[in-house]
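Novice: Got a sequence here, can you build the structure:
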Amino acid sequence: MAADRTAGRALDPATLAAQAQHFVDPATGSVVPAIDVSTTYARDRDYALVGGLSYSRDDNPTYLQAESLLARLEGGAGAKLFASGMAAISAVFQTLRPGDHAVVPRGQYFGTLKMLRQTIEPMGVAVTYVDASDIDAIAAAVRPGETRLVYVETPANPTWAVTDIAAAAEVAHRAGAILAVDSTVATPVLSRPIEHGANLVVHSATKYLNGHSDVLAGAIVTAADDERWEQIGLQRALNGAVLGPFEAFLLLRGMRTLFLRVERASATAMAIAHRFDGDQRVRQVCYPGLAAFPGHAVAARQMTGGFGGMLSLRLAGGRDACLAMLSKVEVFTRATSLGGVESLIEHRWTIEQPHSDVPEDLVRLSIGIEAAGDLIADLDRALGPGP
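Specialist: A predicted model of the protein is given here:
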């Protein structure tokens with residue numbers, strides 16, 4: 001990475017992202033970081049590593065570029081990329097040992113819940129599931145001396161419930177635990193959990209960080225370069241949970257437009273939320289940006305610049321109305337995932353069967369960067385006449 005050319009002047013995070021931290025290759029003048037595809041690195045005649053790197057399962061220059069930018073955007077001491085969001089989330093929980101205790105949200109991304117129930121709990125880690133929007137519930141669940149991890153996702157998929165990060169951090173730290181926050185939906189554009197006391201921040205980088213639905217990746221950012229962070233790095237290397245250099249390059253490319261994409265998606269999501277809030281065809285609009293939404297005040301305090309590009313509609317006609325609506329959309333794409341430039345729609349209850357806790361009347365929307373009017377018109381037409 002080239003030396004900072006700003007003579008010590010602080011740059012706005014949007015500028016850092018757009019310019020990949022003011023990158024210019026000092027050897028060639030290239031303004032785009034190169035892809036380093038080498039899997040191994042040479043040693044000199046004294047058998048010292050020439051460039052400080054040994055093997056790509058540990059580190060690679062292309063990983064380091066994206067990791068450095070993400071750590072800086074989150075205000076962390078370091079970041080590590082993983083082969084997927086689930087690999088990153090798993091790495092956090094794999095720092096626990098049999099007999100340890102963790103407190104996690106009852107309502108969060110289904111893949112995380114499935115991983116906890118099928119791999120972490122059988123490993124001997126005790127897990128308590130709570131309503132993480134209720135700080136008193138988190139406080140009642142922690143076990144001083146036993147709880148090692150409080151893990152929250154905010155806003156939480158797919159109801160977009162909000163957790164007070166600062167309050168959760170205080171509860172966790174008082175019990176001798178750490179707080180990890182899945183901030184996939186908020187991104188560092190809207191929220192920086194480390195500033196509110198989080199120890200670790202997790203991202204499914206597949207989603208907004210990359211933003212183009214063409215990379216599978218995950219990331220963890222740490223507040224401190226401590227023993228736990230060393231453990232996570234060793235675990236990544238030994239488990240081989242790394243992504244390829246081309247994927248890391250694409251991720252960095254995606255992060256360069258992160259602020260534009262998230263700001264556009266957030267503004268459009270807010271417009272959609274306002275349009276269908278109170279519509280007789282919609283029982284509830286789940287979106288933290290609405291003043292009447294539970295958790296709005298907390299979200300307004302810990303999110304800046306918007307409330308994210310994700311929202312859900314709970315339809316008055318129940319599951320049948322949801323499936324009928326999905327069959328009629330033309331601008332939205334019926335697909336799983338989120339955070340891309342294209343808008344997606346899905347019926348989560350159908351996707352998560354047979355053990356879903358998601359309401360059957362809920363349709364999840366991932367808002368992209370299309371014209372807001374086209375998306376609103378598509379939803380309005382697909383919803384059909386009112387009851």
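
Novice: give the contact list for the nearest residue to residue 96 once chain neighbours are set aside.
Specialist: Nearest residue to residue 96 in three dimensions, chain neighbours excluded: residue 125, at 4.8 Å (CB to CB, 6 or more residues apart in numbering). (Each C-beta comes from the backbone N, C-alpha and C, glycine too.) Contact partners of residue 125, counting by CB atoms under 8 Å, 6 or more residues apart in numbering, are 93, 96, 97, 98, 99, 100, 101, 102.

Novice: Would you map the strands across the stretch 1-150 of the chain?
Specialist: 78-82, 101-105, 126-130, 147-153 (DSSP state E, counting those that start in this stretch).

Novice: Adding mean pLDDT, write those out as TSV.
Specialist: As requested, the strands of the stretch 1-150 of the chain are exported to TSV (pLDDT from 0 to 100):
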stretch	mean pLDDT
strand 78-82	98
strand 101-105	98
strand 126-130	98
strand 147-153	98
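
Novice: Using CSV, please lay out the ones you listed together with distance to residue 137.
Specialist: Shown next, in CSV, are the strands of the stretch 1-150 of the chain (distance: least, CB to CB, whole Å):
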stretch, distance to residue 137
strand 78-82, 30
strand 101-105, 9
strand 126-130, 4
strand 147-153, 11
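
Novice: Assign the residue nearest to residue 266 when sequence neighbours are not counted to helix, strand or coil.
Specialist: Of all residues beyond its chain neighbours, the one nearest residue 266 is residue 306 (3.0 Å), with distances taken as CB to CB, 6+ apart. The three-state label for residue 306, taken from DSSP: H, G, I helix; E, B strand; the rest coil, comes out as coil.

Novice: mind checking how far residue 121 is from residue 222?
Specialist: Distance of residue 121 to residue 222, given as CB to CB, to the nearest Å: 25 Å.

Novice: who has more neighbours, those two?
Specialist: A count of neighbours by other CB atoms under 10 Å puts residue 222 above the other of residue 121 and residue 222, at 25 against 14.

Novice: residues touching the more buried one, list them.
Specialist: Listed by CB under 8 Å, 6+ apart, the contact partners of residue 222 are 76, 77, 78, 79, 199, 200, 228, 229, 232.

Novice: Let's see that with 7 Å instead.
Specialist: Residues counted as contacts of residue 222 (CB atoms under 7 Å, 6 or more residues apart in numbering) are 76, 77, 78, 200, 229.

Novice: still on that earlier bit, any chance of the contacts of residue 125 in TSV, with neighbour count and distance to residue 109 too?
Specialist: Below are these laid out as TSV (neighbours: other CB atoms under 10 Å; distance: CB to CB, whole Å):
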residue	neighbour count	distance to residue 109
93	22	13
96	18	19
97	10	24
98	8	25
99	10	26
100	20	22
101	20	21
102	25	16
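
Novice: Which parts of this structure belong to which domain?
Specialist: Domains of the chain are assigned by automatic domain parsing as 33-255, 258-383.

Novice: As a markdown table, those with distance to residue 19 would be great.
Specialist: A markdown table is the format used below for these (distance: least, CB to CB, whole Å):
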| stretch | distance to residue 19 |
| --- | --- |
| domain 33-255 | 10 |
| domain 258-383 | 12 |
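
Novice: any idea which helix is longest in the chain?
Specialist: helix 258-276 (DSSP state H).

Novice: pLDDT of that helix, averaged?
Specialist: For helix 258-276, the mean per-residue pLDDT is 98.

Novice: From the contact counts, what lies against that helix?
Specialist: Using 3 or more CB pairs under 7 Å, 6 or more residues apart in numbering; DSSP states H and E as the contact test, the elements touching helix 258-276 are helix 13-18, helix 187-190, strand 282-286, strand 310-315, helix 372-383.

Novice: Could you list the residues in contact with the last one?
Specialist: Helix 372-383 is contacted by residues 268, 271-272, 275-276, 281, 325, 328-332, 343, 367 when judged by CB under 7 Å, 6+ apart.
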